[in-house]
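Participant: Give the three-dimensional model of this entry:
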Amino acid sequence: MPINVTMTLRQALRQLESEQGRIDRQIAAIRGALDGLAGPKSRGGHPRPSGSVRRRRRMSATTKRALSQRMKAYWAKRRAVGERRKAKGAKAK
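Facilitator: Here you go, the predicted structure:
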C-alpha cells in the first residue's frame, strides 16, 4: 500500500493551521485582558499606543548648568535653615 505524501502533508497543514487560529485567538484574549488590567491611567494618565517607545529628553549643557546652580542654591538654603534650628535648640538648653 503506497503512502500518499502529498495528502498526508496537506492534512497535517490543515491541522496546524486550525491550531494556529486557536492559539491566535487565545493570544488576542490574553492581550485584551492585560490591556484591561493596565487601565487608561497607567503611567501619566494616558494609555500608551502599543509598539511605541518612550525616549528620554536630553538636556543641553546650558540647561544642566542652570539646574545645577538652582539645586546648589536650594540645598545651601536648606542647610542654612537646619543650622539655624540647631543653634536655637542648643541655646534653649
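
Participant: going forward, measure contacts between C-alpha atoms and count neighbours the same way
Facilitator: Will do.

Participant: domain assignment for the chain?
Facilitator: 1-37, 61-93 (automatic domain parsing).

Participant: mind giving me JSON lines with the ones you listed and columns for mean pLDDT, mean neighbour count and distance to residue 54?
Facilitator: Formatted as JSON lines, those follow (pLDDT from 0 to 100; neighbours: other C-alpha atoms under 10 Å; distance: least, C-alpha to C-alpha, whole Å):
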{"stretch": "domain 1-37", "mean pLDDT": "89", "mean neighbour count": "11", "distance to residue 54": "18"}
{"stretch": "domain 61-93", "mean pLDDT": "87", "mean neighbour count": "11", "distance to residue 54": "21"}
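
Participant: Which among those domains is found nearest to residue 55?
Facilitator: domain 61-93 (18.2 Å; C-alpha to C-alpha).

Participant: Pull the distance from stretch 58-68 to the chain's centre.
Facilitator: Averaged C-alpha coordinates place stretch 58-68 at 25 Å from its chain's average position (C-alpha atoms, centre = their mean, to the nearest Å).

Participant: mind listing the helices for the protein?
Facilitator: 5-38, 61-92 (DSSP state H).

Participant: Which neighbouring elements make contact with the first one?
Facilitator: Read it as helix 5-38. If contacts are counted by 3 or more C-alpha pairs under 8 Å, 6 or more residues apart in numbering; DSSP states H and E, helix 5-38 sits against no helix or strand.
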